[in-house]
Each structure stands twice: as structure tokens, then as C-alpha cells.
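Engineer: Requesting a structural model of the entry that follows:
(one chain, ligands or ions: 3)
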Amino acid sequence: MAVAIKRLSTVDADFSAKMNALLAFEAAADEGIERTVAGILADVKTRGDAAVIEYTNRFDRLAAASMADLELTRVEMQAALDALPADRRAALEAAAHRVRVYHEKQRLEGWSYTEADGTMLGQMITPLDRVGLYVPGGKAAYPSSVLMNAIPAKVAGVKELIMVVPTPDGEKNQLVLAAACLAGVDRVFTLGGAQAVGALAYGTQTVPQVDKIVGPGNAYVATAKRRVFGIVGIDMVAGPSEILVVSDGSGNPDWVAMDLFSQAEHDELAQSILICTDAAFLERVQASIEKLLPTMPRQETIRTSLTNRGAFILVRDMDEAVAIANRVAPEHLELALADPDPWVDKIHHAGAIFIGHYTSESLGDYCAGPNHVLPTSGSARFSSPLGVYDFQKRTSLIKVSKAGAQTLGRIASTLAHGEGLPAHAKSAEFRLED
Ligand SMILES: NC(=O)c1ccc[n+]([C@@H]2O[C@H](COP(=O)([O-])OP(=O)(O)OC[C@H]3O[C@@H](n4cnc5c(N)ncnc54)[C@H](O)[C@@H]3O)[C@@H](O)[C@H]2O)c1
Ligand SMILES: N[C@H](CO)Cc1c[nH]c[nH+]1
Ligand SMILES: [Zn+2]
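Structural biologist: Ligands and ions are numbered 1, 2, ... in the order given. The predicted structure follows:
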């Protein structure tokens with residue numbers, strides 16, 4: 001059965017309406033999910049461990065009697081790392097190294113300057129004390145997400161990393177445990193969904209309350225993160241994975257088809273879009289999809305994702321392609337072009353840009369170095385990849401000299417009177433000499 005991927009063309013009169021429909025999906029806006037998550041969070045807040053255990057047993061089909069059954073020991077994590085086959089361990093270590101090197105460049109440094117009268121002003125950078133890492137594990141296990149979340153946190157100097165990862169049916173993914181060990185995660189609980197987010201946000205008798213929760217997850221996780229924001233910090237509300245390929249008809253259609261599959265296989269809700277200036281190339285990619293899909297183990301997920309949320313968009317030229325890409329603001333954008341470099345700085349909204357035929361998005365997911373936790377659902381218009389800066393806080397520093405207090409005191413006093421706040425004015429005036 002052919003994959004009925006949507007076809008759009010900029011020459012169509014209703015192109016704009018079709019684009020709106022394509023982008024209408026809003027992550028976690030489902031009312032049923034909102035209600036379920038609100039109930040779980042309230043229950044975890046009130047009953048703590050008991051509620052966490054009940055929801056985990058229900059949703060992940062476990063039989064935990066106490067929280068001790070839902071926490072992994074250091075010994076277990078080390079054993080997982082030690083038992084890894086040599087090729088997997090080498091790949092994990094190589095990826096961890098590359099991710100660390102890239103993220104070390106992101107560390108924010110403090111700064112200060114001193115004015116002529118001796119007043120010093122500056123900014124101090126401090127790491128967060130305790131962070132919760134959500135590692136998804138419902139439909140697939142993500143050791144790479146352990147590295148992408150934990151390594152920047154460690155580079156920032158976070159003192160304590162608490163990881164949660166669901167283990168449906170009690171299946172513990174050994175590569176996930178090994179990655180947690182390698183990345184220096186402090187504690188791991190086998191919890192998922194809204195109950196895991198609630199435990200980290202409110203703290204329970206066993207799970208320590210964290211300052212910030214980071215990491216992607218499904219709609220239950222995203223909704224829970226949005227609801228606990230304010231009690232704790234969050235990195236972003238991540239939706240399903242997305243890829244947008246911009247093609248000029250050069251390159252291999254099989255490569256493009258597989259790149260579209262690579263995000264579609266994550267989730268039925270993932271989005272894969274191909275924008276192309278060449279109608280004949282779109283047909284070649286469609287043929288590649290039909291040829292390659294039967295060879296894929298997760299073909300039903302890919303088919304559903306491509307059918308419901310995928311699209312081929314025929315454009316008149318590269319300027320149109322870039323304008324549409326900027327409107328979509330995708331999580332991942334591939335420039336599958338013969339000469340991609342001139343187009344890079346015309347892309348203003350994308351989580352990550354993959355430049356040229358050899359840069360498959362999958363390399364970024366695992367080991368190129370940049371983070372794979374990226375803004376989705378158009379939020380690349382205003383937010384950035386997860387990075388070291390997400391684990392650092394800025395504090396302003398102000399040290400006013402006696403001379404500085406005279407100049408600043410007069411300005412502050414005048415403005416404070418203007419705001420009708422006499423105590424503010426007096427506190428500045430007390431320090432004036434005349
Ligand atoms: N942005 C990224 O960097 C990135 C990386 C990896 C994965 N992802 C995305 O993360 C998502 C992972 O989703 P997942 O489902 O595989 O794992 P998940 O860990 O996010 O969710 C699993 C949990 O969902 C909860 N849940 C499931 N059904 C429920 C229900 N009916 N009621 C209440 N709770 C329920 C359960 O508690 C379960 O433990 C995918 O969309 C994938 O594309 C994103
Ligand atoms: N593509 C995902 C982010 O959207 C990250 C990932 C992890 N493993 C494979 N891929
Ligand atoms: Zn991926």
C-alpha cells in the first residue's frame with residue numbers, strides 16, 4: 001500500500017490554508033491528557049511515594065512494593081557499563097567525548113567592570129544545585145538522551161543529577177544504565193510520565209525535590225512539565241520529533257527518504273517534511289519510500305507519521321523554500337543541496353541545521369557533538385537547543401563606592417520620589433555626604 005503523503009505546492013491557490021492545517025498540531029494540548037496529568041500531579045504532591053508507586057505499577061506494568069524497587073543502585077549502573085560489548089562501549093564513550101568537547105565551549109563565564117569612582121558592577125555565574133533529568137523510555141530507550149542531558153549539566157557544574165526513566169514491563173535498558181554511569185548521574189529512579197515529573201517537582205519521601213527538570217518526553221511528560229513550571233524551572237516543553245529537508249533535487253533520494261524515516265520512526269506524531277524545487281525528485285523520493293519502508297522494523301509507526309503529519313512541498317525556487325522553512329521553524333533542518341553554504345544564514349528559525357548531503361540528522365542525534373534536545377512545534381522562533389547555559393544561573397553584582405553612592409544616590413532619590421516611594425529615596429539619601 002502506497003504511503004499517502006500530503007502533496008502541497010506553492011502554486012496552489014489554497015497553499016496557505018494547507019500550510020496552516022499542516023502546522024496546526026500543538027503538543028500536549030489535549031484536554032483528556034491535561035485532566036489526567038493534573039490528577040496525577042495533585043496525587044503525587046499529596047501522597048508522595050505511595051502515589052508514585054501506584055501510577056508506576058499501573059502505567060508501566062510493574063509490581064513495585066516500595067521505592068527501593070524503583071531506584072537503581074550505583075553497583076547496578078557500573079555493572080551495566082562493565083558488561084557492555086566492546087563496540088557499544090567504545091561508541092558510547094566516543095559520543096560522550098564529542099558531546100563534552102562541544103558543550104565545554106558553551107560555559108558562561110562571569111564578568112565585571114570598575115567605574116572611575118571605584119564602583120564595581122558585574123555578573124556572577126553559578127551552577128544549579130540539583131537537576132532532574134527526564135529520559136524517555138515508553139516506546140524506545142534513549143541512551144543518547146542520557147548523554148545529551150547529563151553531560152551539559154556536569155559541564156556546568158551541577159552538584160546533583162537525579163535521573164528518571166520509565167522501564168515498561170520492568171525492562172531495564174542496559175545501555176541507558178551504562179550511559180548514566182558514564183555521564184556521572186548521581187541517582188536513577190525507574191519512573192516515567194507525569195508521576196516522575198511530579199516526584200521531581202514536589203519531592204517525595206524518597207525522591208529529592210529538584211530545582212529544574214530537563215529532558216524530552218511524550219505528551220504526558222510535556223504537559224506535566226508545563227504544569228510544574230514555576231515550582232521548578234524547566235528547559236522547554238518538547239513536542240514530538242520533527243525533520244524538514246530542503247532539497248534542490250541533487251543527491252540520493254534513498255538518503256532523503258531514510259532521513260525522513262529517521263524522525264518518523266520515533267513516534268506516530270513525529271513530523272517529516274520535504275521541500276523541493278524539483279517535481280521529478282519528489283517522485284524519486286516517493287519511490288524510495290515505497291522501496292525502503294517494507295525493510296523497516298518500525299514501518300507502521302513510520303507510515304502513520306508520514307501519512308498523518310508528513311508532507312512534500314513543491315516550491316518554485318530556493319527563496320520560497322527558505323521562507324517556508326523559516327515559517328515552520330523545525331526542530332531539525334537539513335539543507336540537502338549541491339551548494340548549501342550560501343543558504344545557511346538565510347535560515348533564521350531552526351533548532352539545528354544539518355548542512356550538505358553527508359550531514360544526516362541522525363549523526364546529530366548521537367555523536368556529532370551539539371545537543372539533540374531541541375525546540376519543537378515552531379518554538380525555534382524563540383528558543384534554543386538544550387545547553388550548558390540551561391544549567392547555569394546569572395546573579396548581578398553591585399559594589400558601590402562612597403563616591404559612587406553620591407552620584408547614584410541623587411539619581412535614585414529623584415526617581416524614587418517620582419514613583420512615590422519615600423523609603424527608597426531616604427535609603428539612598430542617607431548615604432549622601434552633604
Ligand atoms: N526531543 C528529543 O530530544 C527527544 C529525544 C528522544 C525522544 N523524544 C520523544 O520523546 C517521546 C518519548 O515518548 P514515549 O512515550 O516513548 O516515552 P516517555 O518516557 O515520554 O513516556 C512514557 C510514560 O508515559 C506515561 N503514560 C503512557 N500512557 C499513559 C496514559 N494513558 N496515562 C498516563 N500516563 C501515561 C507512562 O507513565 C509511561 O511511563 C517521543 O515523542 C519521542 O519522539 C524526543
Ligand atoms: N531525534 C531525537 C530528537 O528529536 C533524538 C534522538 C535520540 N535517539 C535518536 N534520536
Ligand atoms: Zn532521532
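Engineer: Is there any residue in the strand or helix carrying E300 that contacts ligand 2?
Structural biologist: Of the helices and strands defined by DSSP states H and E, E300 is found in helix 299-309. No: taking Cβ under 6 Å from any ligand atom as the criterion, helix 299-309 and ligand 2 are apart, separated by no less than 12.6 Å. All C-beta spots, glycine's among them, are computed from the backbone N, C-alpha and C.
Engineer: Given the next helix or strand after that helix, what are its sheet partners and their directions?
Structural biologist: Following the chain from helix 299-309 toward its C-terminal end, the next helix or strand by DSSP H and E is strand 311-314. According to DSSP bridges, the neighbouring strands of strand 311-314, each with its direction, are strand 6-9 (parallel), strand 271-276 (parallel).
Engineer: Would you check the distance separating the shortest one from the middle of the chain?
Structural biologist: Between the mean C-alpha location of strand 6-9 and the chain-wide mean there is a distance of 29 Å, by Cα atoms, centre = their mean, to the nearest Å.
Engineer: all strands for the stretch 51-200 of the chain, in order.
Structural biologist: Counting by DSSP state E, counting those that start in this stretch, one finds strands in the stretch 51-200 of the chain at the ranges 71-72, 111-114, 120-127, 130-134, 160-164, 187-189.
Engineer: List the buried residues of the helix holding E300.
Structural biologist: Burial within helix 299-309, assessed by neighbour count using 16 or more other Cβ atoms under 10 Å, is assigned to Q299, T301, I302, R303, T304, S305, L306, R309.
Engineer: Kindly indicate which of the residues you listed lies nearest F189.
Structural biologist: If you rank the buried residues of helix 299-309 by distance to F189 using Cβ to Cβ, T301 comes first, at 27.4 Å.
Engineer: Pull the contacting residues for that closest one.
Structural biologist: K139, A264, E265, H266, D267, E268 (Cβ atoms under 8 Å, 6 or more residues apart in numbering).
Engineer: ok, and what's touching the longest helix out of those in the chain?
Structural biologist: Across the chain, the longest stretch assigned as helix under DSSP state H is helix 86-104. Applying Cβ under 8 Å, 6+ apart, the contact partners of helix 86-104 are 81, 84, 143-144, 147-148, 151-152, 155, 175, 178-179, 182-183, 366-371, 387-388.
Engineer: Say whether ligand 2 is contacted by that helix.
Structural biologist: No: in this structure, helix 86-104 remains apart from ligand 2 according to Cβ under 6 Å from any ligand atom; the gap is never smaller than 10.8 Å.
Engineer: near ligand 1 at all, that helix?
Structural biologist: No: counting by Cβ under 6 Å from any ligand atom, no contacts exist between helix 86-104 and ligand 1, the nearest distance being 12.8 Å.
Engineer: Quick one: mean pLDDT over that helix.
Structural biologist: Helix 86-104 shows a mean pLDDT of 98 in the predicted model.
Engineer: List the buried residues for it?
Structural biologist: Of the residues in helix 86-104, those buried by neighbour count under the rule 16+ other Cβ under 10 Å are R89, A91, L92, A95, A96, R98, V99, R100, Y102, H103.
Engineer: So the second one versus H97, what's the distance?
Structural biologist: Distance from A91 to H97, counting by Cβ to Cβ, to the nearest Å: 11 Å.
Engineer: again, but for the first one
Structural biologist: Between R89 and H97 the computed distance is 12 Å (Cβ to Cβ).
Engineer: Distance-wise, check K346 relative to D278.
Structural biologist: 19 Å.
Engineer: Out of the strands of the stretch 51-200 of the chain, which gets nearest to L244?
Structural biologist: That would be strand 130-134 among these, by Cβ to Cβ, at 25.3 Å.
Engineer: What's the mean pLDDT across the closest one?
Structural biologist: Model confidence over strand 130-134, given as mean pLDDT, is 98.
Engineer: okay, now the residue in the stretch 1-150 of the chain that ligand 2 sits nearest to: neighbour count?
Structural biologist: Residue nearest to ligand 2 within the stretch 1-150 of the chain: S144 (4.5 Å; Cβ to the nearest ligand atom). By the measure other Cβ atoms under 10 Å, the count of residues near S144 is 20.
Engineer: follow-up on the earlier one: now, of the contacts of helix 86-104, which are buried?
Structural biologist: Among those, the ones that count as buried by 16+ other Cβ under 10 Å are 81, 84, 143-144, 147-148, 151-152, 155, 175, 178-179, 182-183, 366-368, 370-371, 387-388.
Engineer: and the residue nearest to A412 when sequence neighbours are not counted, helix, strand or coil?
Structural biologist: Distances taken as Cβ to Cβ, 6 or more residues apart in numbering put A428 closest to A412, at 4.0 Å, once the chain neighbours are dropped. Taken by DSSP: H, G, I helix; E, B strand; the rest coil, the conformation at A428 corresponds to helix.
Engineer: Would you list the phi and psi of the one residue sitting closest to the centre of the chain?
Structural biologist: In the chain, the centroid-proximal residue (Cα atoms, centre = their mean) is V373; its distance is 3.1 Å. Per-residue torsions, V373: phi -90, psi 110 (degrees, to the nearest 10).
Engineer: Show the model's pLDDT score for the nearest residue to L293 once chain neighbours are set aside.
Structural biologist: Computed as Cβ to Cβ, 6+ apart, the closest residue to L293 that is not its neighbour in sequence is Q299, at 5.2 Å. In this prediction, Q299 carries a pLDDT score of 97.
Engineer: domains in the protein, as residue ranges please.
Structural biologist: 6-25+239-368, 31-234, 401-429 (automatic domain parsing).
Engineer: Adding distance to K393, write those domains out as CSV.
Structural biologist: Putting the domains of the chain into CSV (distance: least, Cβ to Cβ, whole Å) gives the following:
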stretch, distance to K393
domain 6-25+239-368, 23
domain 31-234, 5
domain 401-429, 25
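Engineer: Nearest to R381, out of those domains?
Structural biologist: Distances from R381 to each of those were compared using Cβ to Cβ; the minimum, 4.8 Å, belongs to domain 6-25+239-368.
Engineer: what about the closest one and ligand 1, touching?
Structural biologist: Yes: between domain 6-25+239-368 and ligand 1, judged by Cβ under 6 Å from any ligand atom, the touching residues are P240, S241, H266, D267, A270.
Engineer: residues touching the second one, list them.
Structural biologist: Taking Cβ under 8 Å, 6+ apart as the criterion, S241 is in contact with Q263, H266, D267, A270, Q271, E331, H332, T376.
Engineer: same deal with D365?
Structural biologist: The contact partners of D365, by Cβ under 8 Å, 6+ apart, come to S144, S262, H372.
Engineer: does the second one really touch E361, like I thought?
Structural biologist: Okay, so that is S262. Yes: between S262 and E361 there is a contact under Cβ atoms under 8 Å: 6.0 Å.
Engineer: residues from the chain in reach of ligand 2?
Structural biologist: Taking Cβ under 6 Å from any ligand atom as the criterion, the contact residues of the chain with ligand 2 come out as Y142, S144, S145, S241, Q263, E331, D365, H372.
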